[in-house]
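> Whatever this is, show me its structure:
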Amino acid sequence: MAIISSSLDESNIPRSRKELRIVDSQIIAEEKVNQKLNLARPNSLKEFIGQDQIISSLKISIDAAKYRNEALEHTLLYGQPGLGKTTLALLISYEMNTKCRVASAPSIERPRDIVGLLLGLKEGDILFIDEIHRLNKLTEELLYSAMEDFRLDLTMGSNRGTRCRTINLPKFTLIGATTKLASISAPLRDRFGLIQKIEFYSNDELQQIILNFSNLINLELKNDACCALAKISRGTPRIALRLLKRVRDYAQVIKKTNKISLDTVQKALNSQKIDNKGLDNVDRKFLSFLNLNNNPIGLDSIAAGMGEDSSMLEFLVEPYLMQIGFITRTPRGRKLTSLGKKYISSKNEKS
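Sure, this is the predicted structure:
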């Protein structure tokens, strides 16, 4: 599988702090170029852990396309960051035995950028666009005819010298990835033949991913330690591997060993101020702020009180707190649930 990659820009979610939280599912620059993390990716769909329904559906579509000797239908993958959308796109390219050109929507600033990408494709090639919901309007409109009719309709010149030119394109596959399906316009979304949602992973699946990566980096990981890491990984492989790396650092520097026990995991996470629910200081500060008031509080008010950006709280903090039942959204704002109150009370008692 050949991969032609353009630069992937940083996350579109602003932050008030420069350092990324360990339990943040957004990718960081180190992880984009880390060779061992790339090796941790499966080499085929058979090796992919989890997402059984999606893998089964993709296998059928890929085999059908290969049987007809056609390009795969345009595919849209959506879900939270860190769940494997890019990995799946690369595996589709591998299974189709074709090249994959990787781009990020924010880096496609002008229409000529997408024109250059499309003109560089060959028959059957795959163009993968990450964060596709961030394409600007002009660029998106150029994709309509490219996806549907495999042609580019370009307007050249100005005033009386304006003329139209049509360029035929080879039959290719566009794979889009997004964390915000609703932000994709209906005309673009309707041109995808396959639309798949990437779900959160189960604890068993995360344990297998963690175990595989620990073997790759020569760690001896105890079963209970592996289970503990999986439980606080928020259903996200990227977070699971990042936590494992921090535990490895602690074990090698403090314990002088590559053997990871449950006690080592707990001490390593305590040093990072991550508790047994997988919550860090930002999460606890969010819950504590809600605990000060029995009435629902608006997100902007919470962000102002915490000194954080509201977008960061909405997309990186709230989803997991809602997933574990600690907060709820109401028309009037965010409110702490009984589970959330019980958690905060237990923390206050310990302190």
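> C-alpha from now on. contacts and neighbour counts both.
Fine.
> does the residue positioned nearest the centre of the chain sit in a helix, a strand or a coil?
The centroid of the chain falls nearest to Pro81 when counting by CA atoms, centre = their mean (2.1 Å). Assigned with DSSP: H, G, I helix; E, B strand; the rest coil, Pro81 falls in the coil class.
> what about it, distance to Arg101?
20 Å (CA to CA, to the nearest Å).
> for Lys222, what are its contacts?
Each residue near Lys222 by CA atoms under 8 Å, 6 or more residues apart in numbering is listed here: Lys259, Ile260, Ser261, Leu262.
> picking up where we left off before, quick one, phi psi at the residue nearest to the centre of the chain?
When read as degrees, to the nearest 10, the backbone of Pro81 gives phi -60, psi 150.
> Spell out the residue ranges of the helices in the stretch 101-250 of the chain.
With helices called from DSSP state H, counting those that start in this stretch, the stretch 101-250 of the chain shows them at 111-119, 137-149, 186-189, 203-216, 223-231, 237-250.
> And the first one, what's buried?
By that I understand helix 111-119. Applying a neighbour-count criterion of 16 or more other CA atoms under 10 Å, one finds Pro111, Ile114, Val115, Leu118 buried in helix 111-119.
> any chance of those in a markdown table, with distance to Lys197 and pLDDT too?
Below are the buried residues of helix 111-119 laid out as a markdown table (distance: CA to CA, whole Å; pLDDT from 0 to 100):
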| residue | distance to Lys197 | pLDDT |
| --- | --- | --- |
| Pro111 | 28 | 85 |
| Ile114 | 25 | 92 |
| Val115 | 28 | 91 |
| Leu118 | 26 | 94 |
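> ok, and which of the helices of the stretch 101-250 of the chain has the densest surroundings?
Neighbour counts (mean count of other CA atoms under 10 Å) averaged over each of these peak at helix 237-250, with a mean of 22.
> Export that helix to CSV, keeping only CA atoms.
Extracted C-alpha coordinates of helix 237-250, given in CSV (Å, rounded to 0.1, in the frame of the first residue of the first chain):
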residue,chain,number,x,y,z
PRO,A,237,-7.8,3.5,21.5
ARG,A,238,-5.7,6.7,21.1
ILE,A,239,-6.2,7.5,24.8
ALA,A,240,-5.5,3.9,25.8
LEU,A,241,-2.2,3.9,24.0
ARG,A,242,-1.3,7.3,25.4
LEU,A,243,-2.0,6.2,29.0
LEU,A,244,0.1,3.1,28.5
LYS,A,245,3.0,5.2,27.3
ARG,A,246,2.8,7.4,30.4
VAL,A,247,2.7,4.3,32.6
ARG,A,248,5.7,2.9,30.8
ASP,A,249,7.6,6.2,31.4
TYR,A,250,6.8,6.0,35.1
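> What mean pLDDT does that helix get?
Averaging pLDDT along helix 237-250 yields 94.
> Need the mean per-residue confidence for the helix or strand following that helix.
Downstream of helix 237-250, the first helix or strand assigned by DSSP states H and E is strand 259-260. Strand 259-260 carries an average pLDDT of 96.
> Check stretch 322-341 too.
On average, stretch 322-341 scores 93.
> what's that stretch in contact with?
Against stretch 322-341 from outside (CA under 8 Å, 6+ apart): Leu287, Leu290, Asn291, Asn294, Asn295, Pro296, Ile297, Gly298, Leu299, Glu318, Leu321.
> try it again with 7 Å
Identification of contacts with stretch 322-341 by CA atoms under 7 Å, 6 or more residues apart in numbering yields Leu290, Asn291, Asn295, Pro296, Ile297, Gly298, Leu299, Leu321.
> and it, which residues are buried?
Going by neighbour count (16+ other CA under 10 Å), the buried part of stretch 322-341 is Phe326, Ile327, Thr328, Arg334, Lys335, Leu336, Thr337, Gly340, Lys341.
> Take these and keep only those in strands.
In this view, the buried residues of stretch 322-341 that belong to strands under DSSP state E are Ile327, Thr328, Arg334, Lys335, Leu336.
> Could you check how far Thr264 is from Leu77?
On the measure of CA to CA, Thr264 and Leu77 end up 37 Å apart.
> contacting residues for Gly278?
Going by CA under 7 Å, 6+ apart, Gly278 touches Ile232, Ser233.
> Against Ala230, how distant is it?
10 Å.
> re earlier: compare the contacts of Lys222 and tell me which has the most neighbours.
Ranked by the number of neighbours (other CA atoms under 10 Å), the contacts of Lys222 place Ile260 first, at 24 neighbours.
> got the contact list for it?
Neighbouring residues of Ile260 by CA under 7 Å, 6+ apart: Glu220, Leu221, Lys222, Ala225, Ala251.
> Chain neighbours aside, what residue packs nearest to the second one?
In this structure, Leu221 finds its nearest non-sequential neighbour in Ile260, 4.8 Å apart by CA to CA, 6 or more residues apart in numbering.
> any idea how far Gly124 is from Leu229?
Going from Leu229 to Gly124 by CA to CA gives 41 Å.
> And Phe200, by the same measure?
According to CA to CA, Phe200 stands 31 Å off from Gly124.
> thinking again about what came up before, turn the buried residues of helix 111-119 into a markdown table, including distance to Met312.
Output for the buried residues of helix 111-119, formatted as a markdown table (distance: CA to CA, whole Å):
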| residue | distance to Met312 |
| --- | --- |
| Pro111 | 30 |
| Ile114 | 29 |
| Val115 | 33 |
| Leu118 | 34 |
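> Okay then, goodbye and thanks.
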